[in-house]
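K.L.:
Sequence first, predicted model second:
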Amino acid sequence: MGRTVWFPGHMAKGRRELEEIVPLVDLVIEVRDARAPISTTAPFAEDLTGKRMRWIVLSRKDLADPKCTDLWLEHFKRLGLPAVALNLHGNIASLRASLLRHKPSFRELRLVIIGIPNVGKSTLLNALVRKKKAEVGLLPGVTRRVSWHRSEGLLVLDSPGILDPSSDPFTHQLLAWLGCSRADVIGGHEVLALSLLRFLKEKNLIGAIRKKWGVDVANGEREVLEAVGRRLGCLGPGGEVDLERAGMSLLKAFSSGDLGRFTLEMPEESKDEVSGRRR
């Protein structure tokens, strides 16, 4: 299969800056989406971490299957990787307290937050430093600078989201379903929605579409998308269904959790990771 390449200049620059700054920190927090902990792995995480501690934060646990999330936490524990699952808009006091237990006595704990675009890095930073407002955008890749933030024993380094410059097509599709990659790079909302419907059928999860919109899901993906579009009033000239608009609505419902709580990847699909510290 071919490879999908999307590695904007600010991502390349961000990686170079991280390579220079990470040696200054005590701990690396890698944020992954709890619904797809494999595909949302930060590229180059092992290289960037070096000998420093690496903690995994599974974001958006409220959108993932809780039983699957527990399996993932057990998986990381077996690998020696400290991990926690969070709703980043909830209370993260326990994570903050755990981090502060590693604070040196003579200065703040220095840590960096890494991850792919739109996985929750800036939201986590805001919660850790207790900021009411920061640059948190809806488009993947909004954090285009590297900056430090200080708050009560913590010195936190934010970073731009970095995508794998040569990820496989399915991974890029999955990331776009979750809102971590741009639809226009993959082929548009219609193409992505059709691939999502195909995936849901293969995983026997298509019932969520029927439950949400009351449409017949026994038909082909295009017919299902057309039915959803008609139900939502996504019509163009002559009453034809605007499949791009229908696809956008379906993808938004999926990524926001409006269709239910899904986990798309399981630990047994994961390649072995080394450990929280490089050996």
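P.N.:
Structure received.

K.L.:
The helix or strand hosting V191: which residues count as buried?
P.N.:
V191 is located in helix 189-202, with elements delineated by DSSP states H and E. Going by neighbour count (16 or more other C-beta atoms under 10 Å), the buried part of helix 189-202 is 189-197, 199-201. (C-beta placed from N, C-alpha, C; glycine too.)

K.L.:
what about the stretch 101-250 of the chain, any weak spots by pLDDT?
P.N.:
131-147, 165-166 (pLDDT under 70).

K.L.:
could you pull out the strands for it?
P.N.:
109-114, 147-151, 154-158 (DSSP state E, counting those that start in this stretch).

K.L.:
possible to save those strands as a markdown table with mean neighbour count?
P.N.:
Supplementary listing: these in a markdown table, determined by neighbours: other C-beta atoms under 10 Å:
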| stretch | mean neighbour count |
| --- | --- |
| strand 109-114 | 22 |
| strand 147-151 | 13 |
| strand 154-158 | 21 |
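
K.L.:
Dump the ones you listed into a markdown table; add distance to M53 as well.
P.N.:
Formatted as a markdown table, the strands of the stretch 101-250 of the chain follow (distance: least, C-beta to C-beta, whole Å):
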| stretch | distance to M53 |
| --- | --- |
| strand 109-114 | 9 |
| strand 147-151 | 19 |
| strand 154-158 | 14 |
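
K.L.:
between those, which gets nearest to K271?
P.N.:
Closest approach to K271 among the strands of the stretch 101-250 of the chain is made by strand 109-114 (19.0 Å; C-beta to C-beta).

K.L.:
in its sheet, what does that closest one sit against?
P.N.:
strand 27-33 (parallel), strand 154-158 (parallel) (DSSP bridges).

K.L.:
Run the chain-centre distance for the first one.
P.N.:
On the basis of C-alpha atoms, centre = their mean, to the nearest Å, the separation between the geometric centre of strand 27-33 and that of its chain is 11 Å.

K.L.:
Could you point out the helix or strand that follows it?
P.N.:
helix 45-49.

K.L.:
mind exporting that next one as CSV, just the C-alpha atoms?
P.N.:
The C-alpha trace of helix 45-49 is given here as CSV (Å, rounded to 0.1, in the frame of the first residue of the first chain):
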residue,chain,number,x,y,z
ALA,A,45,8.5,9.3,21.4
GLU,A,46,11.2,6.8,22.3
ASP,A,47,13.9,8.9,20.6
LEU,A,48,12.7,12.0,22.3
THR,A,49,12.4,10.4,25.7
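
K.L.:
Not counting its own residues, what contacts the helix or strand that comes right after it?
P.N.:
Per DSSP H and E, the first helix or strand lying C-terminal to helix 45-49 is strand 53-59. The contact list for strand 53-59 (C-beta atoms under 8 Å, 6 or more residues apart in numbering) reads 26-34, 37, 45, 64, 69, 72-73, 76, 81-86, 88, 95, 102, 119-120, 123-124, 276-277.

K.L.:
Adjacent strands (with direction) for strand 53-59?
P.N.:
Strand pairing for strand 53-59, determined by DSSP bridges: strand 27-33 (parallel), strand 83-85 (parallel).

K.L.:
List the buried residues of it.
P.N.:
Those would be 53-59, for strand 53-59 by 16+ other C-beta under 10 Å.

K.L.:
How far does stretch 209-221 stretch from one end to the other?
P.N.:
One end of stretch 209-221 sits 11 Å from the other (C-alpha to C-alpha, to the nearest Å).

K.L.:
Report the separation between the residue in the chain sticking out farthest from the centre and S270.
P.N.:
Here the chain reaches farthest from its C-alpha mean at G238, the gap being 38.7 Å by C-alpha atoms, centre = their mean. From G238 across to S270, the span is 48 Å (C-beta to C-beta, to the nearest Å).

K.L.:
one step back: out of the contacts of strand 53-59, which are buried?
P.N.:
Among the contacts of strand 53-59, those classed as buried by neighbour count (16+ other C-beta under 10 Å) are 26-34, 37, 45, 64, 69, 72-73, 76, 81-86, 88, 95, 119-120, 123-124, 276.

K.L.:
Next, count neighbours for K271.
P.N.:
K271 sits with 6 neighbouring residues when counted by other C-beta atoms under 10 Å.

K.L.:
Let's see stretch 117-125 as CSV, backbone CA atoms only.
P.N.:
Taking Å, rounded to 0.1, in the frame of the first residue of the first chain, the C-alpha atoms of stretch 117-125 are listed here in CSV:
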residue,chain,number,x,y,z
PRO,A,117,-2.2,17.0,16.8
ASN,A,118,-5.5,17.6,18.5
VAL,A,119,-5.1,14.7,21.0
GLY,A,120,-5.5,16.9,24.1
LYS,A,121,-2.0,18.3,24.8
SER,A,122,-3.0,21.9,25.3
THR,A,123,-6.1,21.0,27.3
LEU,A,124,-3.9,18.9,29.6
LEU,A,125,-1.5,21.8,30.0
